[in-house]
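Engineer: Show me how the following folds:
(2 chains)
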There are 2 protein chains.
Amino acid sequence: MVKSYLDLVKECDTFPYYHDDPEFYKEHLANYHSFHVSGCKAVLGYIPNAVVEKFSWPEHCWAIDAATRTVTLVAPQDAMPEQRSDLMAETLAQAVKGDDFEVLKGWRNEKYPIYGPGGQFLFEMERSATPLFGVVSYGVHATCYVQDSDDTSSLRLWVPRRSRNKQTFPGMLDNSVAGGMATGERPFECVVREAMEEASLPEDVIRANATAVSCITYHYVRDARAGGETGLLQPEVEYIYDVKLDASITPKPCDSEVEEFYLWTVDQAKEALANGEFKPNCAVVLIDFFIRHGILTPETEPDYLEIIARLHRRLEFPTASHAT
Amino acid sequence: MVKSYLDLVKECDTFPYYHDDPEFYKEHLANYHSFHVSGCKAVLGYIPNAVVEKFSWPEHCWAIDAATRTVTLVAPQDAMPEQRSDLMAETLAQAVKGDDFEVLKGWRNEKYPIYGPGGQFLFEMERSATPLFGVVSYGVHATCYVQDSDDTSSLRLWVPRRSRNKQTFPGMLDNSVAGGMATGERPFECVVREAMEEASLPEDVIRANATAVSCITYHYVRDARAGGETGLLQPEVEYIYDVKLDASITPKPCDSEVEEFYLWTVDQAKEALANGEFKPNCAVVLIDFFIRHGILTPETEPDYLEIIARLHRRLEFPTASHAT
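Structural biologist: Here you go, the predicted structure:
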């Protein structure tokens, strides 16, 4: 089945919108507990009720309220982020020991930060556990391309295929450079690091050619392709970069993440998109690229407005500021 | 007072968000009636209660329900858009005769289209009356610029000053080319038309150099600078174009809309933004340009995420598709 660009956006931005049907939205929220930390009013994420039931919450640091459907990490009033992080780590270690969750089998040993209102850093947690709590995660996606003239018909895109051995989305197509931002990392430094790790692109090439062009935000509901439990929530912020490369520069696989790089015309990339060959959040980065480069226009794309609004969703959780 | 970029975004995207405070949002909505046409369930806009009370609604074609706070244009079940347009025109003619509304003193003799779900064209109405009904309006904004190298330090922007005699936002700074889309008009054709009318830019120059790059959407609440009644709602869709011009091409005022064009550095434009010299929806088009061109980055702009999400608001009303 051929997928439209809006179909692809909906696979990535899947969580319902209040305004589409307020009653349905409220009923839908009853499937989740909201996640809090003590001393902070904000909802940090939504946890499916089934996950709440399955977790063995250490009593000394968790308050579960079935009536208000809230899960609260309870730390002393003057707790520093480190204390909350330790309590979370202890909780997750117990879940791993109990073999409670499929997603934790993909343990990454990378820490992701969680922010409160005003971008306040609250704590960090193991990356593979973030979908259990439905908290916002941050990443960078860069599209490397070659273009000889102002005309987009000369444009070629560097498209990698993910390793068939990856736990998540094996063998699917990806963006030229992409990766998650660990605690303390800044977007541009993350692009520089990932470009070397995944595409063997030297630091000086990225510093000279990568341009920050936007960010996309969406509320993803994990499906089977993501691995582990389905239905977990993953609201995401992806900082977007365009990297115009000289034709003499060729990205090459470096670590075990990427199998091969293709240099594709826009039409080849469009065909692979329509066939559903791209990882969902990489498909939408390419759609955003097509919009910003005048390849999709209001006259050619019937869902232009809906696509653009949904790729810049205002998440209902506090988000970080990565300004220095 | 120096305005931040987020301050400027908030002046343009002013209507509250449900998720910021659901209770406040619901209370706030009680200040409005929702606008419908018979046979279509969708809310097409919000009308302030004070406007509902002041209107002399011709009884044969309007149903006002104080309990549900709805205003419905009642047309025969098999009505064509033309019939609804005629009923609206009759209603507005009566309001003009009664001298009921300040905004109608700026009668434009231009028709704006209103769309239902799926982009269905429902009817058209006089442009100056659209804020009374809070319906979505559509326009194009183009930024003309000169850039000698890939480095944005060489970038210069063409910035016009609006005529001091304009009824709305007199003397404020504007985007190089901007205008509203009348019924039946397509975005690119609108840019071509406005570029000649406002900036004396020939059709071939625009066709060769204008690139569709995105759209911005926001929910504006009219303030005194817009002229007429304050507090009227104006959700807007602006299709965005970048026009890279050769240094030999100079935009010049043509009609009476523009007083003068400046060719400014990015720093000059930033200073004028901070001083609040731009028309609100033109300020945010420039902010969007700065983001897409890597002039504002996640590392330099603390409100990067909030700005981008709010400039791509998913409007809670049906919107048009302008695909051919």
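Engineer: Strands of chain A, residue ranges please.
Structural biologist: Using DSSP state E, the strands of chain A run over A:32-37, A:45-48, A:62-65, A:70-73, A:111-115, A:121-126, A:137-146, A:156-162, A:177-180, A:210-221, A:233-244, A:258-265.
Engineer: With respect to chain B, which of those strands lies nearest?
Structural biologist: The closest of those to chain B is strand A:210-221. By C-beta to the nearest C-beta, the value is 3.9 Å. C-beta coordinates here come from the backbone N, C-alpha and C atoms, glycine included.
Engineer: which residues does A:Ala272 contact?
Structural biologist: A:Val159, A:Leu173, A:Trp264, A:Phe278 (C-beta atoms under 8 Å, 6 or more residues apart in numbering or on different chains).
Engineer: Max pairwise distance over the residues you listed: which two?
Structural biologist: Greatest spatial distance in those: A:Trp264 and A:Phe278, 11.5 Å, computed using C-beta to C-beta.
Engineer: quick one, which of these two is more surrounded?
Structural biologist: Taking A:Trp264 and A:Phe278 together and counting by other C-beta atoms under 10 Å in any protein chain shown, A:Phe278 has the greater number of neighbours (26 against 18).
Engineer: The more buried one and A:Leu286 touch, don't they?
Structural biologist: Yes - with contact defined as C-beta atoms under 8 Å, A:Phe278 reaches A:Leu286; the gap is 6.7 Å.
Engineer: how many other residues sit next to A:Pro202?
Structural biologist: 12.
Engineer: That one and A:Met196 touch, don't they?
Structural biologist: Yes - A:Pro202 lies in contact with A:Met196 (C-beta under 8 Å); the separation is 6.9 Å.
Engineer: returning to that earlier point: which one of the strands of chain A lies closest to A:Glu82?
Structural biologist: Short answer: strand A:121-126, nearest of those by C-beta to C-beta, at 7.9 Å.
Engineer: Contact residues of the stretch 151-300 of chain A facing chain B?
Structural biologist: For the stretch 151-300 of chain A, the residues in contact with chain B (C-beta under 8 Å from any C-beta of the partner chain) are A:186-188, A:211-215, A:217, A:237, A:239, A:244, A:291-294, A:297-300.
Engineer: mind running it again at 6 Å?
Structural biologist: A:186-187, A:211-215, A:239, A:291-292, A:294, A:297-299 (C-beta under 6 Å from any C-beta of the partner chain).
Engineer: Count residues in the vicinity of the nearest residue to A:Ser214 once chain neighbours are set aside, would you?
Structural biologist: In space, and not counting its chain neighbours, A:Ser214 is closest to A:Ile240: 4.8 Å by C-beta to C-beta, 6 or more residues apart in numbering or on different chains. Neighbour count of A:Ile240, defined by other C-beta under 10 Å: 26.
Engineer: partner residues bridging A:Ile240?
Structural biologist: Counting by DSSP bridges, A:Ile240 forms beta bridges with A:His141, A:Ser214.
Engineer: show me the contacts for it.
Structural biologist: A:His141, A:Val213, A:Ser214, A:Cys215 (C-beta atoms under 6 Å, 6 or more residues apart in numbering or on different chains).
Engineer: how near is A:Arg84 to A:Thr91?
Structural biologist: Distance from A:Arg84 to A:Thr91, counting by C-beta to C-beta, to the nearest Å: 11 Å.
Engineer: ok, those two, which is more surrounded?
Structural biologist: A:Arg84 (23 against 19).
Engineer: and the more buried one, how far is that from A:Gln120?
Structural biologist: 12 Å.
Engineer: which one of the contacts of A:Ile240 is nearest B:Ala178?
Structural biologist: B:Ala178 lies nearest to A:Ser214 out of the contacts of A:Ile240, by C-beta to C-beta, at 21.4 Å.
Engineer: Tell me how many other residues crowd A:Gln77.
Structural biologist: There are 6 residues near A:Gln77, going by other C-beta under 10 Å.
Engineer: Contacts only, for A:Phe289.
Structural biologist: A:Thr143.
Engineer: so how far is A:Tyr241 from it?
Structural biologist: From A:Phe289 to A:Tyr241 the distance is 10 Å (C-beta to C-beta).
Engineer: Now the residue in the stretch 51-200 of chain A that chain B sits nearest to. Nearest residue, chain neighbours left out?
Structural biologist: Residue of the stretch 51-200 of chain A nearest chain B, by C-beta to the nearest C-beta: A:Pro187 (4.5 Å). Counting by C-beta to C-beta, 6+ apart, A:Tyr239 is the residue found nearest to A:Pro187 once chain neighbours are left out, at 4.1 Å.
Engineer: cool, and A:Ser176?
Structural biologist: For A:Ser176, the spatially nearest residue (C-beta to C-beta, 6+ apart) is A:Cys144, at 3.8 Å.
Engineer: My read is that that neighbour contacts A:Leu245, right?
Structural biologist: Yes - judged on C-beta atoms under 6 Å, A:Cys144 makes contact with A:Leu245 at a distance of 5.3 Å.
Engineer: okay, the two: which has more neighbours?
Structural biologist: A:Cys144 (29 against 21).
Engineer: Let me see the contact set for the more buried one.
Structural biologist: A:Trp158, A:Ser176, A:Val243, A:Leu245.
Engineer: Give the burial count for the third one, as a bare number.
Structural biologist: Using other C-beta under 10 Å, A:Val243 has 23 other residues around it.
Engineer: wait, doesn't it sit right on A:Ala210?
Structural biologist: Yes - using C-beta under 6 Å, A:Val243 is in contact with A:Ala210, at 4.7 Å.
Engineer: Now flag whichever of the contacts of A:Cys144 is closest to A:Thr72.
Structural biologist: For those, the nearest to A:Thr72 is A:Ser176 (40.9 Å; C-beta to C-beta).
Engineer: residues near the closest one, how many?
Structural biologist: Number of residues near A:Ser176 (other C-beta under 10 Å) recorded here: 27.
Engineer: Surely it and A:Trp158 touch.
Structural biologist: Yes - with contact defined as C-beta under 6 Å, A:Ser176 counts as touching A:Trp158 (4.4 Å).
Engineer: Can you name the residues bridging to the residue positioned nearest the centre of chain A?
Structural biologist: Among the residues of chain A, the one closest to the centroid is A:Glu236, at 4.1 Å (C-alpha atoms, centre = their mean). Here A:Glu236 shows beta-bridge partners A:Ser137, A:Tyr218, assigned using DSSP bridges.
Engineer: how much space between it and A:Glu110?
Structural biologist: 15 Å.
Engineer: Quick one: residues contacting A:Lys279.
Structural biologist: By C-beta under 6 Å, 6+ apart, the neighbours of A:Lys279 are A:Phe169, A:Met172, A:Asp174.
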